[in-house]
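In: Need coordinates for the below:
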Amino acid sequence: MRCPPPLDKALALALVPLVALMRLHEAWRGVHPTLVLVRRLAAAFPRKPQDPLAEAAILATTERALYRAARLVPGSTCLHRALAGRVWLARQGLDSSLVIGLRRQGRAFTAHAWLATPQGQVILRDRQQPAIDYPVTWSEAQLVDRGSQSPQWQWR
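Out: Okay, here's the model as predicted:
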């Protein structure tokens with residue numbers, strides 16, 4: 001088994017408190033207030049123009065580190081990883097937005113949260129299913145701007 005670079009390990013350890021914060025805030029306050037908090041935190045950091053290769057490296061390293069960090073936070077889900085990733089990428093000067101997808105598997109529904117960049121890159125994808133397999137999606141703007149009302153379904 002290949003050992004990940006030390007930078008990934010250090011970044012994963014740095015992301016553990018952020019994933020834990022998202023987990024605790026969502027459990028304590030609920031999803032909508034946590035989405036509002038993440039949006040405000042992300043808006044506090046200025047966007048920096050990045051070289052496309054450097055941006056791709058930051059996205060890949062962050063994705064690996066978030067998966068590792070989430071394993072160390074009991075009860076964390078894809079939503080907590082995506083929220084923490086949104087704040088972390090904003091801190092690095094990169095823009096991203098939260099997307100939540102819903103699909104039906106037999107009689108049950110499954111959901112997944114991931115990040116999308118303005119260039120269309122998907123971060124924190126479902127390892128078993130690609131994002132295109134989720135026929136119902138909500139963007140971050142739809143979820144936050146509608147508040148506690150039921151969000152509009154966007155079929156693909």
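In: Using the three-state scheme, assign the most centrally placed residue in the chain.
Out: When C-alpha atoms, centre = their mean is applied to the chain, the residue found nearest the centroid is residue 82 (1.5 Å). Recorded secondary structure, residue 82: helix (DSSP: H, G, I helix; E, B strand; the rest coil).
In: for the one 5 residues further on, same thing?
Out: Secondary structure state of residue 87, per three-state DSSP, is helix.
In: And it, what's its pLDDT?
Out: Looking at residue 87, its pLDDT stands at 96.
In: Counting neighbours, what do you get for the closest residue to it other than its chain neighbours?
Out: Using C-beta to C-beta, 6 or more residues apart in numbering and skipping residues adjacent in sequence, the residue nearest residue 87 is residue 41, 5.0 Å away. The C-beta positions use only the backbone N, C-alpha and C, and glycine is treated the same way. Residue 41 has 17 neighbours, counted by other C-beta atoms under 10 Å.
In: List the buried residues of the helix or strand harbouring residue 41.
Out: Element membership of residue 41 [criterion: DSSP states H and E] is helix 31-43. For helix 31-43, the neighbour count (16 or more other C-beta atoms under 10 Å) marks 34, 35, 37, 38, 39, 41, 42 as buried.
In: do stretch 75-93 as well
Out: 76-90, 92.
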